[in-house]
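**Q** What shape does this take:
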Amino acid sequence: MSTKTTSSPSPKKVSAAAVTTTPTLNKNLVITNNSSINLAIIDAAATDDNQVVFEQSLKLLPTIDGKQSIAANSSGTVVLDDTHDNNGTPTYTKLYDIIYAKTDTLFPVKSQGAMLNFKTQDYAPVAVTDDEAKIMQETEVFTQTIAAYPTSQLAKDYIAALQGSTNNASSEDDIDDAVASFFASTNSYKDVTLDSLIALKSYYNTYPMVWTGYQSSKTYYLYSSDGTTVISNGSLTVTIPSTIGLDKSLPGFSFTYKDANNNTKALHYANGQFVDDPNADVPNICLVGTFILKSTITKVDTDTDIITILSGNVYNNTVIGYETPLPDNSNNGGGGDSSGNWSGLYTLLHPKDAAGWMQLFLTFVGVVMGIDFLLKGVKSAKDSVLEAKDKLGDLFTKADADKAISEAKAKSGLNDPKYKSEMKKIKADNAANKNLDDQIKDADTIYQDRVTEDWRTSTDEKLDSIGDMLQKMLDSGHATTDMENAGDALGDAYTSTDTPSTSDLSSQIDGLNKTIEGLQSTLNAQYETIINKLKGEAQTELSESKAAADKAKEVTDKVSDDLEKAKERQAPEDVKPERSGMEVEA
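**A** Residues are numbered from 1 along each chain as shown. Below you'll find the predicted structure:
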């Protein structure tokens, strides 16, 4: 009888992947500071959805070896160990907003999120470079230029880019790309980003160092006008402590208002404003800093720095605040103090013009605040899209993006009629004053007249140098018919420049520039023919006269370019902050 046997089943093979354990959570963030700046590492956590960057709750992150900063060209590690409430359950935070800031001023070098990698359970290392620091410096120049020229074509194009950035956006990258496309079209601000703009504006609104030029203190002298007299409204002195902390109550800072009778009052800095009562809807004193081209104040065309001024209200008086006091004899026609020192402020605060200028600057501030409001709304829309995308993952669609953007606009007020009204004020009548465009036109006419006179002066000097070059060529014994014709053209150019055929020299400048350009080209051609025929001193003198004429041409070309920008309300290319937050040494 045979016996049936059965074999035991073979054990199942278990794949290596099935027994792999989840990596241990690593809360460390490794930072390599490849920049030349000592960095403070700041953990920023929002308590309100509308808060951004420095507006959030701030906490300094020390390195694991106890240092309060990471030195230039070195590395450090910080621990990300926050918790948040998740439906009543304390939960480890896996997404952080980290600010990398200069240790001395807290000026932002970079703001970047750090998100836990759920597969590897760690955070990607971060590197900070000087190129990123340059982006923030470029952002500061752009921000101040827009404030100084809020109705320029640059500002108008910027507003249009912000307003259009959320149209048809399918992702947060689309919003970034729309803003980046605008900056790519500029000459000087190609690397500015939406995030760098938000970081800088939140810094300005939280810490007042920019209003002292990043120096230890600065005093602004405040003036108002009743239409016939310029009146002193005291002064505001802003003092910065030697060590700046994250505390937004600003311990160690002082903001001292002194009235015309030397009575003092402590002010507060809140949301970018100097106020006597931060809780009042309408404080008695409310001053806002803004930026202008220094030559607007000094009337010196070479003053191409962008400087700070204050504008606002002091006990119902519209005021302007500038760092130089108005001389006592200004109201009776004086042009400066007895020592002859003068800032040009009297030209700005002439009794006939002061009220208009003050209202103009106040209106500029309103326009800039409208732009900032729009900027923050775009940032909110971008963050909402990113949040929806993270939540929905592969299910995220264009419809979800549209919904997130719409909700963000509603929440931030971008759909509010009040906002739309504020934006219309860029072109609307300003209360109790002329239309803003009319005011700008009046101001531009003053500037244009000044640059026109500069053109006349520089062109006279250019013609002098051309005449000297022509004389040296004639002295060489190589006179030609072309030189004789050039002499006639030179005389005509002098006459046209000094005694124009109409009272409007600026309308003739383009034609005169072309005529003089042709004259100089003719002489340059003759120069090339003659110069190698000369020897010794004659050759040297002619060569030097040619160099002087070329230099004079550069000056006149620059003035002509500034004149064109004055006509178009364009910021000169070489404007710059008087002092940048990125330039201050730690």
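**Q** When you work out contacts or count neighbours from here on, use the C-alpha atoms and nothing else.
**A** Noted.
**Q** Any idea how many residues pack against residue 557?
**A** 16 (other CA atoms under 10 Å).
**Q** let me redo that: residue 539
**A** 18.
**Q** does residue 100 really touch residue 41, like I thought?
**A** Yes: the pair residue 100 / residue 41 is scored as a contact, 5.1 Å apart, by CA atoms under 8 Å.
**Q** contacting residues for residue 183?
**A** Contacts for residue 183 (CA atoms under 8 Å, 6 or more residues apart in numbering) come out as 189, 190, 191, 192, 193.
**Q** out of those, which one sits closest to residue 55?
**A** Nearest to residue 55 among these, counting by CA to CA, is residue 193 at 18.7 Å.
**Q** returning to what we had before: strands - which of the contacts of residue 183 land there?
**A** Among those, DSSP state E puts none in strands.
**Q** ChimeraX command for the buried members of those?
**A** Applied in ChimeraX, the following selects the buried portion of the contacts of residue 183 according to 16 or more other CA atoms under 10 Å:
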select :189,190,191,192,193
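**Q** Same list (the contacts of residue 183) but as TSV, adding pLDDT and distance to residue 537.
**A** Listed next are these as TSV, based on pLDDT from 0 to 100; distance: CA to CA, whole Å:
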residue	pLDDT	distance to residue 537
189	92	48
190	92	49
191	92	51
192	92	53
193	89	57
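**Q** how many neighbours does residue 243 have?
**A** Using other CA under 10 Å, the number of residues around residue 243 comes to 11.
**Q** So what does it look like in phi/psi?
**A** When read as degrees, to the nearest 10, the backbone of residue 243 gives phi -120, psi 130.
**Q** Tell me who's in contact with it.
**A** The neighbours of residue 243, taking CA under 8 Å, 6+ apart as the test, are residue 104.
**Q** What distance do you get for it to residue 216?
**A** According to CA to CA, to the nearest Å, residue 243 and residue 216 sit 10 Å apart.
**Q** what kind of secondary structure is residue 143 in?
**A** Assigned by DSSP: H, G, I helix; E, B strand; the rest coil, the conformation of residue 143 is helix.
**Q** scratch that, residue 137
**A** Quick answer, by three-state DSSP: residue 137 is helix.
**Q** Could you verify my assumption that it touches residue 581?
**A** Yes: in this structure, residue 137 is within contact of residue 581 by CA under 8 Å, at 7.5 Å.
**Q** List the beta-bridge partners for the residue nearest to residue 63 when sequence neighbours are not counted.
**A** Leaving aside its sequence neighbours, residue 63 sits nearest to residue 78 (CA to CA, 6 or more residues apart in numbering; 4.6 Å). Beta-bridge pairing for residue 78 (DSSP bridges): residue 29, residue 63.
**Q** show me the contacts for residue 78.
**A** Contact partners of residue 78, counting by CA under 8 Å, 6+ apart, are 28, 29, 30, 31, 61, 62, 63, 64.
**Q** now swap in residue 553 and tell me
**A** residue 462.
**Q** and it, what element?
**A** In this assignment (DSSP states H and E), residue 553 forms part of helix 536-568.
**Q** Then residue 313?
**A** strand 305-314.
**Q** Identify all contacting residues around the following helix or strand past that strand.
**A** Counting by DSSP H and E, the next helix or strand C-terminal to strand 305-314 is strand 317-322. Residues outside strand 317-322 that contact it (CA under 8 Å, 6+ apart): 220-225, 233, 235, 308-313, 358-359, 361.
**Q** Kindly recompute the last result at 7 Å.
**A** Identification of contacts with strand 317-322 by CA atoms under 7 Å, 6 or more residues apart in numbering yields 220, 221, 222, 223, 224, 309, 310, 311, 312, 313, 358.
**Q** What number of residues are in the vicinity of the third one?
**A** Spelled out, that is residue 222. Neighbours of residue 222 (other CA under 10 Å): 31.
**Q** and what of the second one?
**A** Residues contacting residue 221 under the criterion other CA under 10 Å number 22.
**Q** Enumerate every residue touching it.
**A** Applying CA under 7 Å, 6+ apart to residue 221 gives the contacts 234, 235, 236, 321, 322, 323, 324, 325.
**Q** Give me the distance between residue 492 and residue 479.
**A** From residue 492 across to residue 479, the span is 20 Å (CA to CA).
**Q** re earlier: list just the nearest of the contacts of residue 183 to residue 496.
**A** The nearest one, if we look at the contacts of residue 183 relative to residue 496 and count by CA to CA, is residue 189, at 39.2 Å.
**Q** wait, what's in contact with that closest one?
**A** 138, 142, 183.
**Q** same deal with residue 74?
**A** Taking CA under 7 Å, 6+ apart, we find residue 74 in contact with 32, 33, 34.
**Q** Repeat the analysis, applying 10 Å as the threshold.
**A** Neighbour list for residue 74: 31, 32, 33, 34, 35, 36, 38 [criterion: CA atoms under 10 Å, 6 or more residues apart in numbering].
**Q** just checking, residue 263 touches residue 236?
**A** No: checked against CA atoms under 10 Å, the pair residue 263 and residue 236 is beyond contact range at 11.7 Å.
**Q** May I see the domains of this structure written out as residue ranges?
**A** By the assignment in automatic domain parsing, the chain contains the domains 23-128, 133-204+359-430, 207-352, 448-568.
**Q** End to end on the shortest one, go ahead and measure it.
**A** Meaning domain 23-128. Start-to-end span of domain 23-128 (CA to CA) is 27 Å.
**Q** Just to be sure, residue 105 is in a helix?
**A** No: assigned with three-state DSSP, residue 105 falls outside any helix and is coil.
**Q** any idea how far residue 43 is from the closest residue in space to it that isn't next to it in sequence?
**A** Using CA to CA, 6+ apart and skipping residues adjacent in sequence, the residue nearest residue 105 is residue 244, 6.5 Å away. Distance from residue 244 to residue 43, counting by CA to CA: 16 Å.
**Q** Lovely, talk soon.
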